[in-house]
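Trainee: Give the three-dimensional model of this entry:
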Amino acid sequence: MQFQQLQYFVAVAETRHFTRAADLVHVAQPSLSQQIKALERELGADLFLRARGNITLTDAGEALLPLARRILADADTARHEVQELAQLRSGRVRLGATPSVCTGLLPDVLRAFHDRYPGIRLLIEEGGSHDLVRELARGALDLALVVLPLPTPAPALTTVELLREDLVVVSSPDAPRPGQGRRTVRVSDLEGERLVMFRHGYDLRELTVAACRAEGFEPDFAVEGGEMDAVLGFVRAGLGVAVVPRMVAARSGRGLRVTPLARPGLHRVIALAHRSDVAPPRAARELQRMLQRMLLER
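Mentor: Residues are numbered from 1 along each chain as shown. Purely as a prediction, here's the structure:
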């Protein structure tokens, strides 16, 4: 049974005339008649009673008609939904990002994407790079914004470097400025400072602790274990200082003193990752394109 045969059958059933049905579906009348006969042979039953000047449905034709209409309607719905998705009028993007990226980078990008493609659902998952890589590997995400280098061993992922971002020191305005009041501080100046530190598995925790150890000292934690919002809140309360991305500090600067790190400073590399063996959906590729364009325009 062919889809085209069902189209021809429904056209004849609705017009009760082979010639008018052929005109309706834009096919020659002999071709339409041949396809109807082929359908009848396959089903093993006549579908029409063909009396001179009068076409009526047989019992088999009456039974087939609602089923054929439903099949054609479902096919039309499927075609419409695929076209909607192809034209980015519907669909979804499953995007993973670290909490600091969600706070500092994503709000403006997602607002611009949503304004342009309001029918696309945005599903955001926050997590550390280790967790996001695992979610990408099992197919739970289309894209992820991760911090390079990726954890090893890592699954086969394609990464595109997006941003090299400086880190800064944030402190409470009511507390003494770290680094004895200088306009910039060195990592070595953090020795003796009480640090507000992120939870284990957080990329910024690992980077900061490694930088302190490279300067020959172990960091002193006033409080540890928080996510980005909690860390910033603890700093505002005067519990200690923290090392955070520049974009996060810029968006969350109210109630915080921001001090740059002296050269060479600290930085992190943010990349967009997806599985190498599966191309992201079109909506995800469009979000990637918009993200790259907006970063270039900064």
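Trainee: For the rest of this, base every contact and every neighbour count on C-alpha atoms.
Mentor: OK.
Trainee: In terms of residue numbering, what are the domains of this protein?
Mentor: 3-86, 91-163+269-297, 165-268 (automatic domain parsing).
Trainee: Show me what the mean pLDDT comes to for the first one.
Mentor: Same thing as domain 3-86. In this model, domain 3-86 carries a mean pLDDT of 90.
Trainee: what's the first-to-last distance across it?
Mentor: End-to-end distance for domain 3-86: 23 Å, by C-alpha to C-alpha, to the nearest Å.
Trainee: Distance from the chain centre to it, please.
Mentor: Centroid displacement of domain 3-86 relative to its chain, using C-alpha atoms, centre = their mean, to the nearest Å, is 42 Å.
Trainee: and what of the last one?
Mentor: When C-alpha coordinates are averaged (C-alpha atoms, centre = their mean), domain 165-268 and its chain have centres 30 Å apart.
Trainee: How about stretch 136-145?
Mentor: 8 Å.
Trainee: In the stretch 1-150 of the chain, what residue spans correspond to strands?
Mentor: 48-51, 54-57, 91-97, 120-126, 143-148 (DSSP state E, counting those that start in this stretch).
Trainee: Quickly compare the ones you listed and say which is most buried.
Mentor: Comparing these by mean neighbour count (mean count of other C-alpha atoms under 10 Å), strand 143-148 comes out on top with a mean of 25.
Trainee: tell me which residues form a beta bridge with Val170?
Mentor: Ala242, Val258 (DSSP bridges).
Trainee: show me what contacts it?
Mentor: Applying C-alpha atoms under 8 Å, 6 or more residues apart in numbering, we find Val170 in contact with Val235, Val241, Ala242, Val243, Val244, Ala249, Leu256, Arg257, Val258, Thr259.
Trainee: residue ranges with poor pLDDT in the stretch 51-200 of the chain?
Mentor: 81, 84, 151-154 (pLDDT under 70).
Trainee: Pull the contacting residues for Pro173.
Mentor: Arg236, Gly255, Leu256, Arg257.
Trainee: Quick check on it: phi, psi?
Mentor: phi -60, psi -20 (degrees, to the nearest 10).
Trainee: Against Asp74, how distant is the most far-flung residue of the chain relative to its centre?
Mentor: If you look at how far each residue of the chain sits from its centre, by C-alpha atoms, centre = their mean, the farthest one is Arg52, at 61.6 Å. To Asp74, Arg52 is 34 Å away according to C-alpha to C-alpha.
Trainee: What of Arg293?
Mentor: In terms of C-alpha to C-alpha, Arg293 sits 39 Å off from Asp74.
Trainee: same thing with Ala237?
Mentor: Distance from Ala237 to Asp74, by C-alpha to C-alpha: 60 Å.
Trainee: quick one, which of those two is more surrounded?
Mentor: Neighbour count, other C-alpha atoms under 10 Å: between Ala237 and Asp74, Ala237 has more, with 16 against 12.
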